[in-house]
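Enquirer: fold the stuff below for me.
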Amino acid sequence: MTDSSDESFDALLEYIEDELAFATSHYNDSYLDRRVSSRMRRTTAESYADYLEELRSDPQEQEDLLDSMSINVTGFFRNPDVWEGVRDVLRSAAENHDRVHIWSAACADGREPYSISMLAHDDPEIDASAVHILGTDISEKALETARQGVYRSSQTIDIADQLEYLTDYHDYVEETPDGFRVRDTVRRNVNFARHDLINDEPKAGFDLVVCRNLFIYIDNEYKEPVLETIARSLQSDGYLVIGKAETIPPSLSCGFSVLDGRLRIYERTPLDSRHSVRG
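Expert: Predicted structure coming up:
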């Protein structure tokens, strides 16, 4: 921390939550401090109190901070073994439903929902035309990138390596001078919208929700309402996939049972009827 005053830090978080509508109380303080400190280094603020004053007077810094707060660690086909599990879930859903509805929650810049679409197109057992994917995030900047579907390679990110999971990734992306553009055939299966899993209402009627690497940043006491939001968004035979570094403790089952513990794939179990949302 740049400022040793817990009171100053708390006042800053209170402002972010009350005035900027970002639910800081749901996240780990260590995560919040890293994101705030990163922004402070880009300003003239030397303390949390200084930074709070800057936030109050600078709408652009407010926007930049909120974008920094959103969790944008992502990649195409991250953890390939998990995607084999997702493939099995998609095949099962395609067998049981004429249309398959998937929600990629906290999708960052869109590479996860596009991965799902590519997987559906790449698998001969799945009718890709019946697969409909919604990608959501709280960051409008990340969603803007997602809608464009253009991604750059760099010294630290080799997109070609990420796409090697596919039979021939050239079927699904076209190369640009510094990266790749997702082809229209893949993009047609995906829509994007802003949604805050913590504050917004559940969706409805999904066969699969993919929400990976969000729960590791959220305090345990707030995981339950997020999981309930997801459960209420799923069909009675729906599935949830979370990150490999995450678990749903039995005390927070919130409508889920384990399908594959190693791959972190869960099945929806019945909720109390008063909580159910029918798709």
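Enquirer: what is the burial count for Tyr31?
Expert: For Tyr31, the neighbour count with other C-beta atoms under 10 Å is 16. Every C-beta, even on glycine, is put in place using the N, C-alpha and C of the backbone.
Enquirer: remind me which helix or strand it belongs to.
Expert: Tyr31 belongs to helix 29-40 when elements are defined using DSSP states H and E.
Enquirer: for that helix, buried residues please.
Expert: Under the neighbour-count criterion of 16 or more other C-beta atoms under 10 Å, helix 29-40 has 31-33, 35-36, 39-40 buried.
Enquirer: same thing with stretch 146-164?
Expert: In stretch 146-164, counting by 16+ other C-beta under 10 Å, buried: 146, 149-151, 153, 159, 162-163.
Enquirer: if you drop the residues flanking it in sequence, what lies closest to Asp123?
Expert: Excluding the flanking residues, the one nearest Asp123 by C-beta to C-beta, 6 or more residues apart in numbering is Arg87, at 6.1 Å.
Enquirer: can you confirm that neighbour is in a helix?
Expert: Yes. Counting by DSSP: H, G, I helix; E, B strand; the rest coil, Arg87 is located in a helix.
Enquirer: what pLDDT is listed against it?
Expert: pLDDT for Arg87: 97.
Enquirer: tally of neighbours for it?
Expert: Neighbours of Arg87 under the rule other C-beta under 10 Å: 17.
Enquirer: shift numbering so it begins at 39
Expert: In the new numbering, first residue 39, that becomes Arg125.
Enquirer: make sure it is actually in contact with Leu157.
Expert: Yes. Taking C-beta atoms under 8 Å as the definition, Arg125 is a contact partner of Leu157 at 6.0 Å.
Enquirer: pretty sure Met107 is touching Arg72, no?
Expert: No. Met107 lies out of contact with Arg72 (C-beta under 8 Å); the separation is 10.3 Å.
Enquirer: which residues in the stretch 39-188 of the chain form helices?
Expert: Using DSSP state H, counting those that start in this stretch, the helices of the stretch 39-188 of the chain run over 44-58, 67-78, 86-95, 97-107, 118-134, 149-160, 178-186.
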